[in-house]
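**Q** Can you look at this prediction? I've put the sequence above it.
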Amino acid sequence: MTFDAVDAAKPVVGMVHLPPLPGAPKFDGDFDAVREAALRDARRLEAGGVDALMLENFGDAPFYPDDVPKHVVASMTRVAGAVRDAVDLPMGVNVLRNDATAALSVASAVGAAFVRVNVHVGARVTDQGIVEGEAHETIRLRDRLDSDVAVLADLDVKHSAPIAERRIDAEAVAEPVERGLAEGVVVSGAGTGHEVAGDHLEAVAEARDRAGLDAPVFVGSGTTVENVADLLDTADGVIVGTALKEGGETTNPVDEKRVAELVAAADDAR
């Protein structure tokens with residue numbers, strides 16, 4: 001497979017950060033409010049001009065490391081289906097912390113186009129402990145489901161540290177794509193909303209080119225209206241959450257005006 005999940009040049013993917021779902025410590029008992037918040041943000045992202053959406057259980061902290069309970073999968077499928085029906089945009093799914101099986105299952109069930117997997121190959125030290133990639137399970141499940149959902153795999157994912165230092169070279173960038181069979185890679189800063197270092201982004205893109213890979217490099221954190229054009233000079237797309245929220249606060253509702261401003265800035269580089 002190649003990454004053709006979003007039919008746009010250098011796409012802007014807007015985040016739909018879900019409030020706490022049933023079973024999470026901060027769930028307030030009102031599932032209808034969770035669904036309505038997701039629909040509100042998705043509609044504002046669409047109206048502001050993004051090219052795709054990414055649905056994520058951001059409010060479910062503290063996160064399960066790699067196997068969320070069935071009720072989380074059920075809740076996310078219900079919300080994702082509602083968003084899918086309400087918005088005419090390609091959609092991605094990310095199930096935190098690293099449940100690629102759940103993400104792929106939700107995406108396949110509702111007709112989403114792609115998933116983001118924080119640790120697809122290798123292993124990272126996180127606040128959930130050591131999280132290991134399960135590309136062998138994820139890709140086999142995709143085959144069993146006869147699904148065409150694309151996989152975007154993080155490199156040096158945010159909120160984590162490597163077990164052993166490894167420089168960014170052609171082999172390191174090729175592993176999630178050639179050995180893990182992901183369709184693209186994601187680079188991010190140290191945490192949610194943190195900017196990606198320009199030299200790191202350039203190193204990943206150059207390593208991708210040296211490896212001869214036909215795989216996009218997405219920026220997964222820290223994109224703003226001020227830097228999006230510069231990032232898209234190197235990156236093939238951006239996944240944006242915090243900068244599109246009211247007041248620039250990750251947990252606030254999406255601000256349609258901020259979305260339109262960032263999309264307009266991205267258009268300068270597209």
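**A** Yes, it's here.

**Q** Just the element for Ser147, please.
**A** Taking DSSP states H and E as the definition, Ser147 sits outside all helices and strands.

**Q** residue contacts, Met54?
**A** 13-16, 91-94, 116, 239 (CB atoms under 8 Å, 6 or more residues apart in numbering). C-beta here means a position set from N, CA and C on the backbone, and glycine is covered the same way.

**Q** For these, give me TSV that also has distance to Ala207 and pLDDT.
**A** Listed next are the contacts of Met54 as TSV, based on distance: CB to CB, whole Å; pLDDT from 0 to 100:
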residue	distance to Ala207	pLDDT
Val13	22	98
Gly14	28	98
Met15	26	98
Val16	31	98
Met91	29	97
Gly92	24	97
Val93	27	98
Asn94	24	98
Arg116	20	97
Ile239	20	97
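
**Q** Identify, from the residues you listed, the entry nearest to Gly184.
**A** Closest approach between the contacts of Met54 and Gly184, by CB to CB: Arg116, at 9.5 Å.

**Q** contacting residues around Val228?
**A** 12, 238, 240, 262, 265-266, 269.

**Q** Backbone dihedrals for it, both of them.
**A** Phi and psi for Val228, reported as degrees, to the nearest 10, are phi -60, psi -40.

**Q** helices and strands of this protein: which one has the lowest mean pLDDT?
**A** Ranked by mean pLDDT, DSSP states H and E, the helix or strand of the chain with the weakest confidence is strand 160-162, at a mean of 83.

**Q** what lines up beside it in the sheet?
**A** Based on DSSP bridges, the pairing partners of strand 160-162 within the sheet are strand 123-126 (antiparallel).

**Q** got any ranges where the stretch 51-200 of the chain has weak pLDDT?
**A** 191 (pLDDT under 70).

**Q** which residues of it fall in helices?
**A** 70-86, 100-110, 135-144, 170-174, 198-210 (DSSP state H, counting those that start in this stretch).

**Q** which of those helices sits most buried?
**A** Compared across those, helix 100-110 shows the largest average neighbour count, a mean of 24 (mean count of other CB atoms under 10 Å).

**Q** Now tell me what touches it from outside.
**A** Counting by CB under 8 Å, 6+ apart, 67-68, 72-73, 76-77, 80-81, 84, 91-95, 112-117, 120, 134, 137-138, 141-142, 145, 147, 149, 151 sit against helix 100-110.

**Q** quick check: angle from it to helix 135-144?
**A** If you take axes from the mean of the first three to the mean of the last three CA atoms, to 10 degrees, helix 100-110 sits at 20 degrees to helix 135-144.
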